[in-house]
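# Just to be clear, the model below is a prediction. Sequence and coordinates:
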Amino acid sequence: MRVKRDNPGGTPRTPRYARGQEGVVVAARGVTENPLDHAGVYPPLYTVAFPVRQVFGGDADGTLCVDLHEDWLEPAAPEPPPGPRPEAT
Amino acid sequence: MSDHDHGRVPHLRDPEAHVRAVEEDLEYYRTKRLEPRVFQMARRGLVTLYDILEAHARLAATAAPPPPPPPDLEARIRALEDALDEYVRGIGLLTPELVRGLGPIEEMRKERGDYDEFFRIAKKPHAGSLEARVAALERDLPAYRALLDAVLAAVRARGLLDEAELARRRAAAARPGPWNGARIVARAWVDPEFKARLIARGREAVRELDIPPGRLGRLGVVENTAEVHNVVVCTLCSCYPYDLLGDTPWWYKHESYRQRIVAEPRRTLEEMFGLRLPPAMEVRVWDSTSDVRYMVLPRRPPGTEGLSEAELARLVTPESLIGTAEPLDPAALATRAPDEVRRVYL
C-alpha cells in the first residue's frame, strides 16, 4: 500500500515520515471503539511495515511497523505482471 | 511527603541522571498534561481562571508552612522525586474518567500541540551546576503544585470531580498494582497458553491475573525472539498502555527518543540505552496510535530455570517492556539493594 501525502479531514495520527511511503500491510487491527481517547470511531487500522532505510535513507537497518488508519492508505503502483517484460522503446 | 529513613537508603549511583529525569518529567507533565487541561477547561467554561484564583486564595489561607529542606543534596533529590510523584498523581485526577465534561484525550492532544507546534506550551530550559538545578526544582515544584492544587480545588468546587469513581480508584491503587507489567510477563514465561491468549486477546487476558485491564484502546503484545527484537515508540505523542502498565520513564516522552528510535533504531538502542543487539537480529520499531497500545514481551533471561514466577517478575523492568533493555540478569539483581530496585525499576 501507499500512504497518502495528505488527507484533509482524516485522522491526524499519521506520522510525517510515513507519508508518501510504500509499505506492506502485516496486520489488520480492525476498528476499535475507544471513547476515552476519541469521540468518534476511527476507520479500520492496519500495521504497515517499512524498511527504515527506505524511509530515512542512510545506512540504518531495521523495520518500522506503523499503525495507520485506512483513510490514509491507497493501493501502491501494481507490480508488473509475471513473464517477460515488454521491450523498452 | 517522604517517609524514607535516609540512613538506610543506598547512595544514588548517578545523581545527575536523577535530576535530569525529574526536570524532564516535571516539564512534560506541566506543559502536556496540566496546563493544556487548564486552557481546555477555561475554553469550555467548566472552570474559569478566576475559579482557580479563588481556590488558590482559599488554600493559601490554611496552608501549613513548607517543611525545612533536607540536609544534603542526595536527600534533596529524593525529596524532589517524591514531590514529582505526588504532582503526577494529582494530575492523574484530571482525566475524562474523573472530571465531568472533559472531552476525550484526543482533544487534549490537539490542545497541547501534538499535531501542531503552534499550540505547544514552552518548556523551561535547565542549566547550571547540579546544585543550581536542584535549587531551581525546589522553587518550581511547589509553584507548579500550587497551581495543580488550586485547579483540583476549583474542579471540586464546581462539583465536576466524580468522587465515587475517585474513591474506587484509590481503593484499587492501595492493592499491589505497580507490578502489573512484570507479573504479566512472568506468567507468559511460565505458561505458554497464557502467552498465546495474551498475544491474541491483549487486555482481556490480564483479567486472569486479577489485573484491571484498563480501557485505553487495545493492548498489542509484540514478542521478542532469537531473530527479532521489538521496541515501542509513539512518535506523535506518548501513547502507551499506561492505564495497565503504569507511567513510562521520562525519556519515552522525550523528542530525542521519539525521533531517533525510528530513524536509526539499532544505533539508538546502543547509544542511548547501552543495548547492543547481535547484528543478525532484526530490530522492529512499533509506532503506535492510541487505538492499539503496545508492550514488548521480552525474552526470558538464560539461567532462570529454577526461579519462581514471583522471582521472575522481579527481573522485568519498565525499560524491558518498551524494548530498550533486556530483563535484569538474576545475578545482577542479587547485588542490587532492594530499595534501589524499587525506586529505579518500579
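Structure received.
# So which bits of chain A are right by chain B?
Contact residues, chain A versus chain B (CB under 8 Å from any CB of the partner chain): A:11-13, A:15, A:17-18, A:29, A:32, A:34-39, A:42, A:45, A:47, A:52, A:55-56, A:58, A:60-69. Quick note: C-beta positions are derived from backbone N, CA and C, even for glycine.
# how about a cut-off of 6 Å?
A:12-13, A:15, A:29, A:32, A:34, A:36-39, A:45, A:56, A:60, A:62-67 (CB under 6 Å from any CB of the partner chain).
# Tell me which of those residues fall in helices.
A:F56 (DSSP state H).
# Sort out which of the residues of chain A next to chain B are buried, if you could.
A:13, A:15, A:29, A:32, A:34, A:36-38, A:45, A:60, A:62-67 (16 or more other CB atoms under 10 Å in any protein chain shown).
# wait, what's in contact with residue 33?
Since no chain was named, I'll use chain A. A:V41 (CB atoms under 6 Å, 6 or more residues apart in numbering or on different chains).
# You answered for a different chain; I wanted chain B.
B:I91.
# returning to what we had before: and the two most separated of the buried ones among the residues of chain A next to chain B?
A:L36 and A:A60 (35.5 Å; CB to CB).
# what's the average pLDDT for the helix or strand hosting B:L152?
Element membership of B:L152, judged by DSSP states H and E, is helix B:130-157. Averaging pLDDT along helix B:130-157 gives 95.
# Same question for stretch B:48-57.
97.
# same check, this time on stretch A:62-72
Across stretch A:62-72, the average pLDDT comes to 95.
# Which strands or helices does the helix holding B:L152 pack on?
The helices and strands touching helix B:130-157, judged by 3 or more CB pairs under 6 Å, 6 or more residues apart in numbering or on different chains; DSSP states H and E, are helix B:15-28, helix B:49-62, helix B:73-91.
# which residue does the stretch 51-200 of chain B bring closest to chain A?
Using CB to the nearest CB, the single residue of the stretch 51-200 of chain B nearest to chain A is B:E106, 3.7 Å away.
# In this structure that residue contacts A:G40, no?
No. In this structure, B:E106 is not within contact of A:G40 by CB atoms under 6 Å, at 8.8 Å.
# more neighbours, those two?
Under the neighbour definition other CB atoms under 10 Å in any protein chain shown, B:E106 and A:G40 were set side by side, and B:E106 has more, 22 against 10.
# The more buried one belongs to a helix?
Yes. B:E106 sits within a helix when classified using DSSP: H, G, I helix; E, B strand; the rest coil.
# contacting residues for it?
Contacts of B:E106 by CB under 6 Å, 6+ apart are A:D37, A:H38.
# With B:V222 as the reference, measure out to it.
24 Å (CB to CB, to the nearest Å).
# Okay, and the beta partners of the most centrally placed residue in chain A?
The C-alpha lying nearest the average C-alpha coordinate of chain A belongs to A:V3 (CA atoms, centre = their mean; 4.3 Å). Taking DSSP bridges as the rule, A:V3 bridges to A:L73.
# That one: what's it in contact with?
By CB under 6 Å, 6+ apart, the contact set of A:V3 is A:A18, A:R19, A:Q21, A:W72.
# If we use 7 Å, what do you get?
A:V3 sits next to A:T14, A:A18, A:R19, A:G20, A:Q21, A:L68, A:W72, A:L73 when contact means CB atoms under 7 Å, 6 or more residues apart in numbering or on different chains.
# Return the residues of the stretch 51-200 of chain B in contact with chain A.
Neighbours of chain A within the stretch 51-200 of chain B, by CB under 7 Å from any CB of the partner chain: B:P96, B:E97, B:G103, B:P104, B:I105, B:E106, B:Y115.
# Can you show me the strands along chain A?
Using DSSP state E, the strands of chain A run over A:2-3, A:24-30, A:45-51, A:63-69, A:73-74.
# remind me which residues of chain B are low pLDDT?
Scanning chain B for pLDDT under 70 picks out B:1-12, B:171-178, B:333-346.
# What about the residue most central in space within it? Give its phi and psi, please.
Closest to where the C-alpha atoms of chain B average out (CA atoms, centre = their mean) is B:D247, at 2.1 Å. With angles defined as degrees, to the nearest 10, B:D247 sits at phi -70, psi 150.
# State the distance from it to chain A.
Distance of B:D247 to chain A, given as CB to the nearest CB, to the nearest Å: 16 Å.
# what's the distance between the nearest residue to that residue once chain neighbours are set aside and B:F118?
Sequence neighbours aside, B:V88 is the residue nearest to B:D247 in space, at 6.8 Å (criterion: CB to CB, 6 or more residues apart in numbering or on different chains). Using CB to CB, B:V88 is found at 27 Å from B:F118.
# ok, the two, which is more surrounded?
B:V88 (17 against 6).
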